[in-house]
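# Show me the folded form of this:
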Amino acid sequence: MSDESLIAIIPRFTRARGRCLYDKAGRRYLDLHADDGRAILGHRPGRLTRHIKNSFEKGLLVSYPSRFTDSVLRSAQRVFPEYRYAAVYPTMEDALDAISTIRGHTVSYDDLCDPARDPACDPARDPARDPARDPARDPACAWIIRPFLERPARAEIALPLLPFPGAFAPQLVVSQTELPVGDNAPPPFLAGLQHSLSVFATLAPIEVEWPAVETVFRRQGPYLCPVCSSDAYAAVFTRCLESGILINPRYPRPSCAASEATRAELDAYAAAVSGQRKGPNTTGEER
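Numbers count the residues shown, from 1 in each chain. Take a look at the predicted model:
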């Protein structure tokens, strides 16, 4: 099954709370997809909603230049001092277009070096042992910076995946070289991005106890990285969804373990991933 086929079978959700999603029938799903990691702290992390709402109430809705752009860039240089330049783009697609301009060819999201997806992108790996596979020396590559994983020390360009879920979230890019100027992002979402930077800067390491099914997923911090074939993954995705667990529909992108998972959800996940049939474990009750 293709990514689009898996996305098509996801239920229509009506609300989110923490790492849980609720469909129109009130059934609860544990969200391990977590918007590719942007919702790893939940769908309303910290006071994100408040910061966005406060900006909306000031009438700052149009993508005109605003003070929030400068505030975000100052915050970015404090949080990522190892990079000389920073720029913010209205969407991930705009950020990838900017990187493509620098590289001189099209760079897609899946071209990025993701330490949660590719063991060769381990920032702790010694490039002297295998310089040909060092992503920092690959002109086609830029890095993803994920919460709770070590930052790349040598990357020329990096895209932090901040705890700001949603396709409307602006994308920050940090770089050792000057970045193209992009369009302005809407001020309310820039306010949310600035808050997400503050949250990212104060993240503490987390320990997540999670069932190990190493034939399907490899653990990298809190991230669950597929090691099975795409066909096998499609079957795992379907079984998980039937058990009230949403994993990432885009193979081989990682899913995210959830520290707040209940024992019933952990059991349902382990059964679904290992190929056992188990009935749904969730109800419409709030946690």
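
# Hmm, residue 238 and residue 247 touching each other?
No - the pair residue 247 and residue 238 does not pass the contact test of Cβ atoms under 8 Å, sitting 10.2 Å apart. The way it works is simple: take the backbone N, C-alpha and C, and place the C-beta from them, glycine included.

# okay, these two: which has more neighbours?
residue 247 (28 against 14; other Cβ atoms under 10 Å).

# measure the closest residue to that one other than its chain neighbours to residue 263 for me?
With Cβ to Cβ, 6 or more residues apart in numbering as the criterion, residue 247 has its nearest non-adjacent residue at 4.4 Å, and that residue is residue 255. Plainly put, residue 255 is 19 Å away from residue 263 if you go by Cβ to Cβ, to the nearest Å.

# from the chain's centre, how far out does stretch 96-106 sit?
On the basis of Cα atoms, centre = their mean, to the nearest Å, stretch 96-106 sits 21 Å off its chain's mean C-alpha point.

# right, I mislabeled it, should have said stretch 157-174
8 Å.

# ends of it, how far apart?
Using Cα to Cα, to the nearest Å, one end of stretch 157-174 lies 6 Å from the other.

# With stretch 11-26 instead?
Stretch 11-26: ends 11 Å apart by Cα to Cα.

# That stretch: how far from the chain's middle?
Worked out by Cα atoms, centre = their mean, stretch 11-26 lies 19 Å from the chain centre.

# So for it, mean pLDDT?
Stretch 11-26 carries an average pLDDT of 95.

# Buried residues in it, which are they?
Neighbour counts over stretch 11-26 (16 or more other Cβ atoms under 10 Å) mark 13, 16, 18, 19, 20, 21, 22, 23 as buried.

# So the second one lies in a strand, does it not?
Just to be clear, that refers to residue 16. Yes - assessed with DSSP: H, G, I helix; E, B strand; the rest coil, residue 16 lies in a strand.

# so it bridges to which residues?
Beta bridges link residue 16 to residue 21 when assigned by DSSP bridges.

# what about residue 255 and residue 263, which has more around it?
residue 255 (26 against 8).

# Tell me where this protein is predicted with low confidence.
46, 119-120, 122-140, 277-287 (pLDDT under 70).

# how is it carved up into domains?
Annotated domains of the chain cover 3-44+208-274, 48-201 [automatic domain parsing].

# Any idea how far apart the tips of the longest one sit?
With Cα to Cα as the measure, the ends of domain 48-201 fall 15 Å from one another.

# With stretch 84-93 instead?
22 Å.

# With stretch 177-187 instead?
Across stretch 177-187, first to last residue, Cα to Cα, it's 26 Å.

# mind listing what's buried in that stretch?
Buried residues in stretch 177-187, counting neighbours by 16+ other Cβ under 10 Å, are found at 179, 182, 184, 185, 186, 187.

# mind checking how far residue 155 is from residue 256?
The spacing between residue 155 and residue 256, counted by Cβ to Cβ, is 22 Å.

# gap between residue 190 and residue 170?
According to Cβ to Cβ, residue 190 stands 6 Å off from residue 170.

# which residues do those two both contact?
Common contact partners of residue 190 and residue 170 (Cβ atoms under 8 Å, 6 or more residues apart in numbering): 72, 88.

# Show me which positions of the longest helix seen in the chain end up buried.
Taking DSSP state H as the criterion, the chain has its longest helix at helix 187-201. For helix 187-201, a neighbour-count test (16+ other Cβ under 10 Å) marks 187-197, 199-200 as buried.

# would you list the residues you listed in CSV and tack on distance to residue 270?
Shown next, in CSV, are the buried residues of helix 187-201 (distance: Cβ to Cβ, whole Å):
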residue, distance to residue 270
187, 45
188, 41
189, 38
190, 41
191, 40
192, 35
193, 36
194, 39
195, 35
196, 32
197, 35
199, 30
200, 30
